[in-house]
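> Any chance you could fold what I've pasted below:
(chains A and B)
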Amino acid sequence: MVTQTLIMLVTGVVAGALGSILGLGGGIIVTPVLTIFMGLDIKYAVGASIIAVIATSSGSAVAFLKDDVLNLRVAMFLEIFTTLGALLGAILSGFFHATVLYFLFGALLIFQAWNMWQKLRGSKTETVLAQSDPLAEKLELNGEYYDKQEGKTIQYGLEHVPGGAAVMFGAGIASGLLGIGSGAFKVMAMDGVMKMPLKASSATSNLMMGVTAAASATVYFFNGMINPVIAVPMALGILGGSTIGSHVMQYLPARLIRKIFIPVVLIMALQLIFKGMAVF
Amino acid sequence: MAKDMKQTQDEKNLAHMEVLIGQIMRIGVALALAAMLIGFVLLCLNPHANTQPFPTRLSGIWQGLITWQPLAWMMFGLLLLIFTPVLRVVVSIFAFAKIHDHLYVAITTLVLLILCVAIAYGYHAH
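The predicted structure is shown next:
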């Protein structure tokens, strides 16, 4: 038991730090460790993973009293769609066989790696939308933030609000079904579809992940899918790790971290898919 | 022009409210952390409690809390942690109300309602 507790604690610190640095839920690290290295039932792994997402989100939230980059209005407006999706996903998770979850999670990790690869290859200069959707104006979604790296205030507008909302609904379903934060989907909706600057998208995604995960976490909690002996040491590690991570992030080149992360994510994806195939 | 000035003032008030949200979040996370640590220390003192089934209903957790059961304290801490993002939504409603942003009071309240439905579903479907 001592060994298991130590593994969970260390996994938590790593997952929390990396999760807050990369703007991911941390579940992406926790789930493979639990299923592949510790041979846990995927149901418990999913339960622990959703706790990881909340701990990463809340841990990063308390690292700074106020995050100047995040957009509270965008977060709350899009949260309508992610929480609805998360509720649906959590209900559906009762009807899916675990094998399907392995494949879904593996496919999601490959998507994640591809997404990061795209970001690495993408142009370094960020284009900011000056004009915006009338809907974005009506909902007061357009915002601004002070970019510490560039040393200036960046004002931005948003477009394709309904499209972004639709992707958010999908992100919510993935979150409820797989017990992940689906940060990659959330950033995709804001940065990719709605053309919100990447930094604002990541910070807003981090806030949203916690709220979305809370919707499905209670379902898992009362269903007995969250085992305290596994989840508590991990959550303690993550709270520490994500607080450190959000401070350290400011001094690290994101491109370097992505380069290290892509092969790791790919290997874990393949391992999960093979595990899923072994069941047949 | 007057409208612009008022808007800037409202945004400043929102920024001020966000600092308050941050402080309340810190208290919430600290409480969750404390309960989890108490449970964790209790478990280290009595490792045999590990073999017992962990409580998942509120009544069972409450019973365990008053008798200092390690797993009950750990579950209580996890539950508090799960509620920290919900706490942020609740405080945000008051923040938007304070700056008279009625649209966002409505939107954030809707988010809270969906969360409540999800929580109620989670508690009753098992």
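
> Could I get the full set of strands for chain A?
A:143-147, A:152-156 (DSSP state E).

> right, so of these, which gets closest to chain B?
Nearest to chain B, of all the strands of chain A, is strand A:143-147, at 9.4 Å by Cβ to the nearest Cβ. All C-beta spots, glycine's among them, are computed from the backbone N, C-alpha and C.

> and the direction of the closest one versus that of strand A:152-156, what angle?
Interaxial angle, strand A:143-147 versus strand A:152-156 (axes from the mean of the first three to the mean of the last three Cα atoms, to 10 degrees): 150 degrees.

> What residues does the stretch 101-250 of chain A have near chain B?
A:139-140, A:207, A:210-211, A:213-224, A:226-229, A:231-233, A:235-236, A:239 (Cβ under 8 Å from any Cβ of the partner chain).

> ok, the closest residue to B:N46 other than its chain neighbours - contacts?
Nearest residue to B:N46, sequence neighbours excluded (Cβ to Cβ, 6 or more residues apart in numbering or on different chains): B:P70, at 6.3 Å. With contact set as Cβ atoms under 8 Å, 6 or more residues apart in numbering or on different chains, B:P70 has these partners: B:39-40, B:42-43, B:45-46, B:49.

> Who are the contact partners of B:V105?
Neighbouring residues of B:V105 by Cβ under 8 Å, 6+ apart: B:93, B:96-97.

> Quick check on it: phi, psi?
B:V105 adopts backbone torsions of phi -60, psi -40, taken as degrees, to the nearest 10.

> how much space is there between it and chain A?
10 Å (Cβ to the nearest Cβ, to the nearest Å).

> got the contact list for the closest residue to B:Q69 other than its chain neighbours?
With sequence-adjacent residues excluded and distances taken as Cβ to Cβ, 6+ apart, B:Q69 is closest to B:A49, at 6.6 Å. Neighbouring residues of B:A49 by Cβ under 8 Å, 6+ apart: B:42-43, B:69-71.

> Could you do A:A63 as well?
A:20, A:242-243, A:246-247.

> Quickly note the distance from it to A:S57.
11 Å (Cβ to Cβ, to the nearest Å).

> Now for residue 35, how many residues are close by?
Using chain A here. Per other Cβ atoms under 10 Å in any protein chain shown, the neighbour tally for A:T35 reads 24.

> oops, I was thinking of chain B
Neighbour number of B:A35 under other Cβ under 10 Å is 22.

> ditto for the one 5 residues further on
Applying other Cβ under 10 Å, we find 22 residues neighbouring B:F40.

> Do you have the helices of the chain handy? List them.
If you meant another chain, say so; for now it's chain A. A:2-22, A:27-32, A:42-63, A:72-92, A:98-121, A:134-138, A:161-178, A:183-187, A:198-222, A:228-248, A:254-278 (DSSP state H).

> switch to chain B, that's the one I care about
Using DSSP H, helices in chain B cover B:2-45, B:58-66, B:70-98, B:102-124.

> For these, give me JSON lines that also has mean pLDDT.
Formatted as JSON lines, the helices of chain B follow (pLDDT from 0 to 100):
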{"stretch": "helix B:2-45", "mean pLDDT": "82"}
{"stretch": "helix B:58-66", "mean pLDDT": "88"}
{"stretch": "helix B:70-98", "mean pLDDT": "92"}
{"stretch": "helix B:102-124", "mean pLDDT": "90"}
